[in-house]
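Peer 1: Just to be clear, the model below is a prediction. Sequence and coordinates:
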Amino acid sequence: AQTVTQSQPEMSVQEAETVTLSCTYDTSESDYYLFWYKQPPSRQMILVIRQEAYKQQNATENRFSVNFQKAAKSFSLKISDSQLGDAAMYFCAYRSVPGNTPLVFGKGTRLSVIA
Amino acid sequence: EAQVTQNPRYLITVTGKKLTVTCSQNMNHEYMSWYRQDPGLGLRQIYYSMNVEVTDKGDVPEGYKVSRKEKRNFPLILESPSPNQTSLYFCASSLTGQGRDNYGYTFGSGTRLTVV
């Protein structure tokens, strides 16, 4: 079974600085998706960014980018120019292709942003 | 607006009193799933459904039931709740087709359940 590991339970960053959240995963499959979800205090699960394993180019969404290292099974999230609104729990998740499989989550990293 | 609607958002109940958490999606998604979220454990899948009348167990199914009589609805049933089922619950849905954009989940807003 696939597993997702987030080794940093908590992180903090100064406002306007850059922070990187780590994620590793274990799979024997070659085709899959990786996701980062944000969960603010409102509890809503918000999709931040998605990476398709067959694409070598790292995904980017505004201030959020990933470093996808397929051979190392690593999928880190970089947040640039951190803002107070970035404070949240962040979950890394994995899903196999085809899409009749569950989304497997890591245990999360709580990010604090210091003004 | 495309969404997953989950109700109630908050629920306090007593041990043994049957309850149902409703979930409905308006996106014609085939795949629906229930997760529970507990501190330090992340989100764990309870049950999922591939389509109408097709359901299967996830990682933590004990003490829960589901049904999928209509494509849009996927209620979670706790027939005899216990305090260890106190948790934050999420319903989610997705497509299962071959299109490359179809693999993300849409989540409901969550249900905070407390069993005393």
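Peer 2: Looks like it arrived, so ask away. Numbers count the residues shown, from 1 in each chain, chains lettered A, B, ... in the order given.
Peer 1: Can you pull the residues of chain A lying near chain B?
Peer 2: Proximity of chain A to chain B, by C-beta under 8 Å from any C-beta of the partner chain, involves residues A:9, A:33, A:35, A:43-45, A:47, A:50, A:52, A:91, A:95, A:97-100, A:102-103, A:105-108. C-beta here means a position set from N, CA and C on the backbone, and glycine is covered the same way.
Peer 1: Tell me where chain A has strands.
Peer 2: Secondary structure of chain A (DSSP state E): strands located at A:3-5, A:10-14, A:19-21, A:24-26, A:32-39, A:46-52, A:60-61, A:64-69, A:74-79, A:88-96, A:104-105, A:109-114.
Peer 1: what's the distance between A:Lys73 and chain B?
Peer 2: To chain B, A:Lys73 is 18 Å away according to C-beta to the nearest C-beta, to the nearest Å.
Peer 1: repeat for A:Thr24
Peer 2: Distance of A:Thr24 to chain B, given as C-beta to the nearest C-beta: 14 Å.
Peer 1: Ok, A:Glu29 next?
Peer 2: Taking C-beta to the nearest C-beta, one finds A:Glu29 at 13 Å from chain B.
Peer 1: Ignoring the adjacent residues along the chain, who's closest to the residue nearest in space to the middle of chain A?
Peer 2: Nearest residue to the geometric centre of chain A (C-alpha atoms, centre = their mean): A:Trp36, 3.2 Å. Leaving aside its chain neighbours, A:Trp36 sits nearest to A:Val48 (4.4 Å; criterion: C-beta to C-beta, 6 or more residues apart in numbering or on different chains).
Peer 1: Please apply the same query to B:Phe90.
Peer 2: B:Tyr35 (4.6 Å).
Peer 1: what are the phi and psi angles of that neighbour?
Peer 2: The phi and psi torsions at B:Tyr35 (degrees, to the nearest 10) take the values phi -130, psi 150.
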